[in-house]
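Chemist: The sequence and its predicted three-dimensional model are supplied below.
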Amino acid sequence: MSQIDKFNNNCTLIAVREFTHHGEDAILSAFRDNDYRENHGMYHHKWTRAATQLGLDLQKIPYSEIYNLTLAAFLKKFPEGDFFVTISGHAFNVRNGRVIDPNTGGKTRARVQTAERVLNAKQPKTGTRFKMERWPGWGKSAAKARRREAYHFVRTHTIENDRRLPEAKDVIANTSYTKADLNWDVKRGLVTLTNNVWYS
């Protein structure tokens, strides 16, 4: 677990981390420059100033455009673009009409209090990710051995911070696991291929 994820009241840190290219040390430094105290909330003008220090270009949405909007209504009104959004006591990201909020998953009936469009937010990449649903078992066959090798490769090459699984092609390229194994395991439910989103 990352340092930021261990904090309480960390929603503003997580929101900025989602959209900036900077690492956690730089984010925490910018926040501390703006009076951040660990495990405490932060005034809106201070955390957005920290985001600006980190190079994010923010465009405030006029209050008249968000007055009395629920989050669900905001998502419909602003279906495209990257935003920092706040509701009472909480901040999170919105990207192209979808809430990105690992803390709560989004409260669609809450009223939006502030919104900033982030003009230069870090953009995600997508790829086919390899997930082995269960331990393939012991056994002495070569097929079992290949699957155990693939299983261990996935476990040791999963990036925890953004929950990124390795790509299927990397599993095949770096283990004895084969394309035929993959096709068979997908059919029988041992392996799931997903189009995950991640950041470089």
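Modeler: The structure has been received and is ready for your questions. These numbers were taken from a predicted model, which means no experiment stands behind them.

Chemist: For the longest helix anywhere in the chain, buried residues please.
Modeler: In the chain, taking DSSP state H as the definition, the longest helix is helix 142-156. Within helix 142-156, the residues scored as buried using 16 or more other Cβ atoms under 10 Å are 143, 146-151, 153-154. Any C-beta I mention is one placed from the backbone N, CA and C, and that applies to glycine too.

Chemist: Restrict it to CA atoms and write it as CSV.
Modeler: In CSV, the C-alpha atoms belonging to helix 142-156 read as follows (Å, rounded to 0.1, in the frame of the first residue of the first chain):
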residue,chain,number,x,y,z
ALA,A,142,4.4,-30.2,-17.9
ALA,A,143,1.1,-28.3,-18.4
LYS,A,144,0.7,-27.9,-14.6
ALA,A,145,4.3,-26.6,-14.4
ARG,A,146,3.7,-24.0,-17.1
ARG,A,147,0.6,-22.8,-15.4
ARG,A,148,2.3,-22.5,-12.0
GLU,A,149,5.1,-20.5,-13.7
ALA,A,150,2.5,-18.2,-15.2
TYR,A,151,0.8,-17.8,-11.9
HIS,A,152,4.0,-16.8,-10.1
PHE,A,153,4.9,-14.4,-12.9
VAL,A,154,1.5,-12.6,-12.5
ARG,A,155,1.9,-12.4,-8.7
THR,A,156,5.4,-11.0,-9.0
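
Chemist: quick check: mean pLDDT across that helix?
Modeler: Taken as a whole, helix 142-156 has a mean pLDDT of 86.

Chemist: what packs against the helix or strand just after that helix?
Modeler: As assigned by DSSP states H and E, the chain's next helix or strand after helix 142-156 is helix 168-174. For helix 168-174, the helices and strands in contact under the criterion 3 or more Cβ pairs under 8 Å, 6 or more residues apart in numbering; DSSP states H and E are strand 125-132, helix 142-156, helix 179-188.

Chemist: can you give me the offset of helix 168-174 from its chain's centre?
Modeler: Distance of helix 168-174 from its chain centroid, counting by Cα atoms, centre = their mean, to the nearest Å, is 24 Å.

Chemist: In PDB, list the C-alpha atoms belonging to it.
Modeler: Taking C-alpha atoms only, helix 168-174 is exported to PDB below (Å, rounded to 0.1, in the frame of the first residue of the first chain):
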ATOM      1  CA  ALA A 168      -1.000 -11.700 -21.600                       C
ATOM      2  CA  LYS A 169       1.700 -11.300 -24.200                       C
ATOM      3  CA  ASP A 170       4.300 -10.600 -21.400                       C
ATOM      4  CA  VAL A 171       3.200 -13.800 -19.500                       C
ATOM      5  CA  ILE A 172       3.700 -15.800 -22.700                       C
ATOM      6  CA  ALA A 173       7.000 -14.100 -23.600                       C
ATOM      7  CA  ASN A 174       8.600 -14.500 -20.200                       C
END
